[in-house]
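**Student:** Structure, please.
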Amino acid sequence: MTDTPADPKERLLDAALDHVPFDGWSPATFAAARRDAEIDKTVARAVCPRGAVDLAVAYHKRGDAQMIEGLKSENLTDMRFRDRIARAVQLRLQVVPDKELVRRGTTLFALPQYAPDGAKLVWGTCDAIWETLGDTSDDVNWYTKRATLSGVYSATILYWLGDTSEDDAKTWAFLDRRIDDVMQIEKVKAQVRNSPTLSKLMIGPNWFLSHIKAPTRFPKGDMPGSWTTPRR
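**Tutor:** The predicted model follows:
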């Protein structure tokens, strides 16, 4: 017998997972989850004011937490850093028990009114990956690392949703290709920095970029843009 979570939102989420593949992250799913979890309507609305939308957000964040736990339990010492990134994305997708849960979420967060939520969740996942892998950047690189990985992660999810290969082998090959593309961009950036002629042309932009600092944030989960004072 499994323990029942005390947190009403967790109970609602667990109950909703059986309904999402059929009804999506919808009012019907939220109503069914509330009934299955035997949670009072007032309590359910208190913990999830937007109903199933809040459950979809909670489900994504649960996956992030599981990914972080998985990364911390693995020995990544002998891996190249690009391979650590690939492994993190792979773990994030492997914690999903049913692709339909993510497919339905992708449909939900494609709606204009929920697109900001979707973008924030993707950014949060990529931030979690970088922080778990020990990123210490506090300048413009803090933003570019997460923005670049967000593009790789989003493209990989879309490919993975349509992948029918054994053990998602084609998805992991696709992911490796995308990361290789990013590494090529980084090589070009390094060549620009090391070129005396191009470095002179970049004096103005570099001065501006040097004044961009990573945010000092409130507790994890406020992503991005919720900070108090710039880092010194």
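**Student:** Compute the number of surrounding residues for Ala147.
**Tutor:** When neighbours are defined as other Cβ atoms under 10 Å, Ala147 has 12 of them. All C-beta spots, glycine's among them, are computed from the backbone N, C-alpha and C.
**Student:** Repeat that for the one 3 residues further on.
**Tutor:** Residue crowding around Ser150 was assessed by other Cβ under 10 Å; the count is 17.
**Student:** so which strand or helix has it?
**Tutor:** Taking DSSP states H and E as the criterion, Ser150 maps to helix 140-161.
**Student:** Tell me which other helices or strands that helix touches.
**Tutor:** Judged by 3 or more Cβ pairs under 8 Å, 6 or more residues apart in numbering; DSSP states H and E, helix 140-161 is in contact with helix 81-94, helix 99-109, helix 115-132, helix 169-194.
**Student:** residues in contact with Gly63?
**Tutor:** Residues in contact with Gly63 (Cβ atoms under 8 Å, 6 or more residues apart in numbering) are Arg92, Val95, Val96, Thr125.
**Student:** And Pro8, by the same measure?
**Tutor:** Counting by Cβ under 8 Å, 6+ apart, Pro8 touches Ala37, Ile39, Val43, Ala44, Val47.
**Student:** Try it again at 6 Å.
**Tutor:** Pro8 is in contact with Ile39, Val43, Val47, counting by Cβ atoms under 6 Å, 6 or more residues apart in numbering.
**Student:** In space, what's closest to the second one - neighbours in sequence excluded?
**Tutor:** Distances taken as Cβ to Cβ, 6 or more residues apart in numbering put Pro8 closest to Val43, at 5.5 Å, once the chain neighbours are dropped.
**Student:** For the residue nearest to Thr125 when sequence neighbours are not counted, give me the pLDDT.
**Tutor:** In space, and not counting its chain neighbours, Thr125 is closest to Asp64: 5.4 Å by Cβ to Cβ, 6+ apart. You'll see Asp64 listed with a pLDDT of 98.
**Student:** likewise the one 4 residues further on?
**Tutor:** In the predicted model, Ile68 carries a pLDDT score of 97.
**Student:** That one reaches Glu131, doesn't it?
**Tutor:** No. When contacts are counted by Cβ atoms under 6 Å, Ile68 is not listed as touching Glu131 (8.6 Å).
**Student:** who has more neighbours, the two?
**Tutor:** Set Ile68 next to Glu131 and count neighbours by other Cβ under 10 Å: Ile68 wins out with 19 against 13.
**Student:** Now that one: which helix or strand?
**Tutor:** Here Ile68, judged by DSSP H and E, is contained in helix 52-73.
**Student:** Could you do Ala46 as well?
**Tutor:** Applying DSSP H and E, one finds Ala46 within helix 41-47.
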